[in-house]
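K.L.:
Give me the fold of what follows.
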Amino acid sequence: MGVVMGLWQKLHSQSDELGALRQKVKRSQPHDSLLEQFFHQSLDLLCVANFQGYLIQINPAWVKTLGYSSEQLCQTPFLTFVHPDDHAKTQAEFEQLKAGQPTIHFENRYRHQEGHYLTFAWMAWPCFETQTIQAIARDVTTQKQQQQRFLETLPDLIFHVDRQGRILSYKPSKVLKTHVPPTEFLGKTVTDVMPEAVSSVLLQGIEQTLKTQTLQTVEYQLTQTVESQVKSHDYEARLVYYCEDEVLAVVRDITATKQIRRDRLQTQTQLQARIQQQAAVAQMGQAALSCSGLDSFMTQVCEQLCHVLTVDYAQILELLPNGQALLLRAGAGWRDGLVGNATITAGRYSQAGYTLLLAEPVVVEDLRTETRFSGTSMLHNHRVVAGVSVIIPGSDNEPFGVLAAHACQERSFTQDDINFLQAVAHVLATAIARQAADERLRVLERAVEASKNGIILTDATQYDNPVVYVNPAFEAMTGYSAAEMIGQNCRILQGSETDLAELKRLRQAIDEVQDCSVKLRNYRKDGTAFWNELYVAPIFSERGHLTHFVGIQNDITQRYQAELALQASEEKYRRIVETTTEGIWIVNQSGQTSFVNQQMAQMLGYSPKAMLGKTFLDFMEEADQIRACQELAQPLTDPPQSYHDLCFHCQNGQALWARLSVSALFEDDQTYIGALAMVTNITDRKQAEDQLEYQAFYDSLTALPNRNLFLETLYQAMQQAQVDSAKRFAVGFLDLDNFKMVNDGLGHAAGDKLLVAIAYRLRQCLRPQDMLARLGGDEFAILLADLAADDQSSESAYADLALIMQTIHQSFNSPFQFGDYEIVSSISLGIAIYEPTYTMPEELLRDADTAMYRAKSQGKGQYAIFDQQMRQEVLDHLYLEHELRKAIDNQEFALYYQPIVSLQSGHLDGFEALIRWFHPEHGLIRPDQFIPIAEETGLILAIGEWVLRAAFEQMTQWYQQDPRVESLTLNINLSTQQFAQSSLVSQLESYLARTPLPARCFKLEITESVVMEEAQTAERILKQLKEKGFQLCIDDFGTGYSSLSYLHRFPVDTLKVDRSFVQRLETHYEDAQITQAIVALAHNLKMNVVAEGIERLEQIKYLQPLGCEQGQGFFFAKPFPAEVAAQLIADSDQLPWQQFFVES
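P.N.:
Sure, this is the predicted structure:
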């Protein structure tokens, strides 16, 4: 920068020389000869020009410098020779001269005769008398070139400005990246190209430079965007006086320099602060060692914190024992009454609580915008803005509290501030620990003085260990005062009967500097003996040097005598313990075995010695240990006696179940010392209980869970699903197709084998989390858990179910092989998916059962998922069940009667009583809608009883109207449950007693399946009914799987051919053959036959040749009410179908 200044000073001096020359010329005008000589000899270009722009007189230097002739220069306007870029400013300068404004310094470029341009520096002045301008020009081309080359070597930005700040020349910097070409600056003012704040500073500096003609330095800052990044730079502009109205500006980037200054200043400030902080910490440390009161010391610390950190408030917060709140233990700056009383939360929503949670220093620059915590009301009420807090260490790695400093204005806390605060916190911790140690020492002194044990200290650094301290309990125990014992050796307490072996042990421990416990027979001052239990231990200094021995003595005379008595007593009872048949197990207060008798050891297969020192759990497997820990979780002292059934692991590997009667053991002062357990071997009983439990929850045939366990597991799954809605599961209900045929055809043993094989095959199809159970008979249930675990949608659950169902059905494609028999079996499967609307497991199982029956109705080997339609059917079912229960009391039932006609004569032989339900809202409800519900709910018994009573009463009424009724028969249907009633016979007898008609007028119909399921029982009941005179009929014959070997043993009068055979007589050869066989079978067994479902005359004509005695169906009449039947009885000579029968 100094070189630039020198260059521009040199140029300025040359301008001064031109001025001096002008003055010299003026003074020399009267001397023409001298002027002439100067004019011709001057190296500078001298000229006179007129106001029209022509040179009228030039010196030889013009011709020599530019290479033109005098004529060329004077006869051509001088602007012709000026560089085109300088025309405007030259013309402007010329106009100012004509206006009377002299030119002090002006530069432009003239064209040389060879075509290049030279730079001239001008001084000129007007002469109005002659209307001319006199001028002196100097060729500064070489100087300009040297100047430009020199300036181009400089890294600085340099520009030349006039008084108005207009930029006359501009040299970009090699260092400053302005990215602006010089043409963007030339001719413009600094106000045009720079921000107002910067341009105003520069213009002020330019004005001051021109005014004082001295170097001026200004600094300013510019913000630039470079590569999308906004950066601020500091610049220094040195302004150099160039001429009367012009200034040269040299600009340099001083960003780094200013940063260095700032860093140096900050370093000095930090160093001074650090020295002050270190001095403060040292001062506090000294005070901590000598302070007499902790609270006053804490207050001084807070005041010094405020001074050193220049903050408004400081506080020491003590964490209260509950860990939920902090007490303002000490502080500075706070309002009166807060210190010692105010508490704040220790939770994360306060700065102090957050500090404890984070376990690191916490700095808050602006509490108003803080997001980590809200700050306490105390801070907000004191208008706290910034703050810093650190933990005050406490004992046992737990914090004592928090040390914090707060300011009412925004400020940044440095790492030095944090380090200072942490150092102060450690000084506080030292003071707190020192006070706690002093307090502990005072407590220890009081404890020693108050102890009931005799305590004695001896000086181990002196020969013979003289006594230096005894407590009052020692004085009372021995009778010696402290003054009498100080300086003495403890041998003063020994006598002739003191155990020498114990003394030897004691002296050896002292010599080896070891702990030692002995029992000595010592003597008091009055000579009386007492048993002394003595514990001796060495005491070491902080550097590990032996300083003292402490002896703790206890008068155990009474206890020792009691122990001797106890030993005698124990010996007495030991023989009893060893001979008892029960195990005896004693443990100490730590649960370790202190005694077992021989019987207890034999139970487990160990020796008594091997069991000593071990706990109950050491003789258990891991699973049994967990259960035992739960059993014994309650202290053995509460209650003092308890009973526990535990499983132990014997040495031979077998399990031993034992009942422990546990009693707590206490000292005389009720101190708990252990427990006594009387142990009884209950292994056999436990195995029997386990077997009963297994039978209660598992199927004995398949080893699968039974209904009880399945429902319990299902209930638990529902409970879990109510807590976690993401859990989805379903219940499947399986029923084997045609299992009864296998059971009846191959016997129950084969059926059992099939069930076991099916259970095994089903288990292979299920996942580990699923559960398979046998509900009974050929019914199984499946709990399908964790459906659609990643997706709660029903579609995913259905997809899981479909895959499992497909696997199950595919597994049944392969037959089951039993010896020579190959059995192909299939299953019908119903699924119910759990929904939150289910409240009981039975509801899910019920809906799965419903879906299973839907699947079975679709054919063998099918499955169905319970849906809304089925749900509606269930609701309808429940509705009908509810209505059905009211129907009997509301007299909504009625009996309809369908004629039974002789197929040979067409005569009326009787009626079949058929129940009808006339609902008050829904009208007639078909029997196939409500009879299954009645059978399922057990209402069929009440309905059946009503049918019997109504049928007997109606038959009696008809008889009273027309005695010919005695020749008719009324068929009454008995349900399965009715037939199984033990009271059926007596019930029928009671109804029969109320009617004048004989029992033969009533024919009881039982379905084929009823009598064949329990053939022997059915035979007994049928014989009883037959003995009473009732006629018996097997309904729907041919549809079941009856055994002909039983049929001839039944006292049956009639077989009814099912309508399914009768309706297809003319079209299906097989049905015709079955019907023919049934008629022949009945006749061979002395039974008659009734054909059901006759609807066409052709069916009658087919049945007549077979000898079928009777028929019924819509051909004759649909079932009708009792009054219509009565009319038919009255008109029995003119029956509507009689025309189709011809009397033979």
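
K.L.:
how near is A330 to A342?
P.N.:
Separation of A330 from A342 (C-beta to C-beta, to the nearest Å): 11 Å. For glycine as for every other residue, the C-beta is placed from the backbone atoms N, C-alpha and C.

K.L.:
Likewise for F918?
P.N.:
Distance from F918 to A342, counting by C-beta to C-beta: 86 Å.

K.L.:
Show me which of those two is the more surrounded one.
P.N.:
Using other C-beta atoms under 10 Å, the more surrounded residue of F918 and A342 is A342, with 19 against 13.

K.L.:
Phi, psi for the residue nearest the centre of the chain please.
P.N.:
What sits nearest the mean C-alpha location of the chain, by C-alpha atoms, centre = their mean, is D724, with 12.5 Å. The phi/psi pair for D724 (degrees, to the nearest 10) reads phi -120, psi 100.

K.L.:
what do you get for K188?
P.N.:
Phi and psi for K188, reported as degrees, to the nearest 10, are phi -100, psi 160.

K.L.:
and the closest residue to it other than its chain neighbours, helix, strand or coil?
P.N.:
In space, and not counting its chain neighbours, K188 is closest to I167: 5.9 Å by C-beta to C-beta, 6 or more residues apart in numbering. Assigned by DSSP: H, G, I helix; E, B strand; the rest coil, the conformation of I167 is strand.

K.L.:
What degree of burial does I167 show, as a neighbour count?
P.N.:
20.

K.L.:
Kindly report the same for Q961.
P.N.:
12.

K.L.:
just H83 next, same as before
P.N.:
H83 has 14 neighbouring residues, counting by other C-beta under 10 Å.

K.L.:
So it sits against G115, correct?
P.N.:
No - contact between H83 and G115 fails when scored by C-beta atoms under 8 Å: they sit 11.6 Å apart.

K.L.:
So for stretch 253-271, what gets flagged as buried?
P.N.:
For stretch 253-271, a neighbour-count test (16 or more other C-beta atoms under 10 Å) marks D253, K258 as buried.

K.L.:
I'd assumed L646 was in a helix, is it?
P.N.:
No - counting by three-state DSSP, L646 is not part of a helix but strand.

K.L.:
what helix or strand is the residue nearest to it when sequence neighbours are not counted on?
P.N.:
In this structure, L646 finds its nearest non-sequential neighbour in A628, 5.3 Å apart by C-beta to C-beta, 6+ apart. Per DSSP states H and E, A628 falls inside helix 622-631.

K.L.:
what packs against that helix?
P.N.:
With contacts defined as 3 or more C-beta pairs under 8 Å, 6 or more residues apart in numbering; DSSP states H and E, helix 622-631 has these neighbours: strand 641-649.

K.L.:
Determine the set of other helices and strands touching the strand it packs on.
P.N.:
Helices and strands touching strand 641-649, by 3+ C-beta pairs under 8 Å, 6+ apart, are helix 622-631, strand 655-666.

K.L.:
out of the ones you listed, deepest packed?
P.N.:
Of all the helices and strands packed on strand 641-649, strand 655-666 carries the top mean neighbour count, a mean of 18, counting by mean count of other C-beta atoms under 10 Å.

K.L.:
As PDB, could you dump the C-alpha coordinates of the very next helix or strand once past that one?
P.N.:
For strand 655-666, the following helix or strand on the C-terminal side (DSSP H and E) is strand 672-681. Written as PDB, here are the backbone C-alpha positions of strand 672-681 (Å, rounded to 0.1, in the frame of the first residue of the first chain):
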ATOM      1  CA  TYR A 672     -36.400 -64.000  63.400                       C
ATOM      2  CA  ILE A 673     -33.700 -66.700  63.100                       C
ATOM      3  CA  GLY A 674     -35.100 -69.100  60.500                       C
ATOM      4  CA  ALA A 675     -37.800 -71.600  59.800                       C
ATOM      5  CA  LEU A 676     -38.700 -75.200  60.500                       C
ATOM      6  CA  ALA A 677     -40.500 -77.300  57.900                       C
ATOM      7  CA  MET A 678     -42.200 -80.600  58.600                       C
ATOM      8  CA  VAL A 679     -42.100 -82.400  55.200                       C
ATOM      9  CA  THR A 680     -44.500 -85.100  54.100                       C
ATOM     10  CA  ASN A 681     -44.100 -87.100  50.900                       C
END
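
K.L.:
Report the backbone C-alpha coordinates of the next helix or strand after strand 672-681 in PDB.
P.N.:
For strand 672-681, the succeeding helix or strand toward the C-terminus, using DSSP H and E, is helix 683-697. Taking C-alpha atoms only, helix 683-697 is exported to PDB below (Å, rounded to 0.1, in the frame of the first residue of the first chain):
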ATOM      1  CA  THR A 683     -46.000 -87.800  45.400                       C
ATOM      2  CA  ASP A 684     -48.700 -90.500  45.000                       C
ATOM      3  CA  ARG A 685     -51.500 -88.100  45.900                       C
ATOM      4  CA  LYS A 686     -50.200 -85.400  43.600                       C
ATOM      5  CA  GLN A 687     -50.000 -87.900  40.700                       C
ATOM      6  CA  ALA A 688     -53.600 -88.900  41.400                       C
ATOM      7  CA  GLU A 689     -54.600 -85.200  41.400                       C
ATOM      8  CA  ASP A 690     -52.700 -84.600  38.100                       C
ATOM      9  CA  GLN A 691     -54.400 -87.500  36.600                       C
ATOM     10  CA  LEU A 692     -57.800 -86.100  37.600                       C
ATOM     11  CA  GLU A 693     -56.900 -82.700  36.300                       C
ATOM     12  CA  TYR A 694     -55.800 -84.300  33.000                       C
ATOM     13  CA  GLN A 695     -59.000 -86.100  32.800                       C
ATOM     14  CA  ALA A 696     -60.900 -82.900  33.400                       C
ATOM     15  CA  PHE A 697     -59.200 -81.000  30.600                       C
END
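
K.L.:
between helix 683-697 and strand 641-649, what angle do the directions make?
P.N.:
Angle of helix 683-697 versus strand 641-649, following axes from the mean of the first three to the mean of the last three C-alpha atoms, to 10 degrees, is 90 degrees.

K.L.:
domain assignment for the chain?
P.N.:
As assigned by the TED database, the chain contains the domains 33-146, 154-260, 291-442, 451-555, 576-688, 698-866, 942-1135.

K.L.:
quick one: average confidence on the shortest one?
P.N.:
Averaging pLDDT along domain 451-555 gives 89.

K.L.:
can you check the third one too?
P.N.:
Regarding domain 291-442, the rounded mean pLDDT is 90.

K.L.:
distance between the ends of it?
P.N.:
Length of domain 291-442, first residue to last, C-alpha to C-alpha, to the nearest Å: 17 Å.
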